[in-house]
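**Q** Generate coordinates for the sequence data below:
(chains A and B)
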Amino acid sequence: GAVVSQHPSRVICKSGTSVKIECRSLDFQATTMFWYRQFPKQSLMLMATSNEGSKATYEQGVEKDKFLINHASLTLSTLTVTSAHPEDSSFYICSARMAGQYEQYFGPGTRLTVT
Amino acid sequence: GENVEQHPSTLSVQEGDSAVIKCTYSDSASNYFPWYKQELGKRPQLIIDIRSNVGEKKDQRIAVTLNKTAKHFSLHITETQPEDSAVYFCAANTLGGGADGLTFGKGTHLIIQP
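**A** Predicted coordinates for the structure are as follows:
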């Protein structure tokens, strides 16, 4: 149980275009979802926290107009990278958590390459 | 905000020996401390976690200790095996604090020498 999926697993896009990444909790309801970014050989950095039906809370230094997060249901959150640039190339990982629980369940990640 | 420091960045041990990774945190309100194992290009896998009301937790070859006063926690792996080779991350957060995502340490590359 507690499976989280992400789609796509890999995406290559041209500079200036937008790309949407989906994060789904397959067998549980996720009241809170998180988005992390991981550059090569570095740690995971929290980008934003989203609660179902509410606006996302972004970490300091993360541009909310560039990284649009929508948590429209208890099983789906989306991250849209708008006007992507090569420096946005990274591994984006979501996680999901049930109400009242400590553990976060991670998705398999999405490798974004901006050319 | 929370700051998590992790040491060492690289740890090489002989197969069968023990490995210890240490982390410190800055926010005394943090109450949840998970440890993750991550293989290249894969998602982080939770290997053990501890809450602030517990001082030690063990699961077979893996144990975690927490010292709330000193604000540090450690991962202990005994009888290491080649498949233990990976990057390990500690993390901390405060459940119920609103925007309560995990703050990760920088990671430890554990190398098990055969």
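
**Q** I'd assumed A:Lys64 was in contact with A:Ala56.
**A** Yes. Shown here, A:Ala56 and A:Lys64 form a contact pair, counting by CB atoms under 8 Å, at 7.3 Å. Yep, even glycine has a C-beta here, placed from its N, CA and C like the rest.

**Q** What is the three-state secondary structure of the residue most central in space within chain A?
**A** Centroid check for chain A by CA atoms, centre = their mean gives A:Trp35 as the closest residue, at 3.7 Å. Classification of A:Trp35 using DSSP: H, G, I helix; E, B strand; the rest coil returns strand.

**Q** what number of residues lie near the closest residue to A:Lys66 other than its chain neighbours?
**A** Nearest non-adjacent residue to A:Lys66, counting by CB to CB, 6 or more residues apart in numbering or on different chains: A:Thr82, 5.5 Å away. A count of neighbours around A:Thr82, defined by other CB atoms under 10 Å in any protein chain shown, yields 15.

**Q** how near is the residue nearest to the centre of chain A to B:Pro34?
**A** A:Trp35 is 18 Å from B:Pro34, where distance means CB to CB, to the nearest Å.

**Q** How about A:Gln101?
**A** Noted for A:Gln101: a distance of 12 Å to B:Pro34, by CB to CB.

**Q** okay, the two: which has more neighbours?
**A** Between A:Gln101 and B:Pro34, B:Pro34 has the larger neighbour count (other CB under 10 Å), namely 23 against 14.

**Q** which one is the more buried one nearest to, not counting chain neighbours?
**A** According to CB to CB, 6+ apart, the nearest residue to B:Pro34 is B:Asp49 (3.8 Å).
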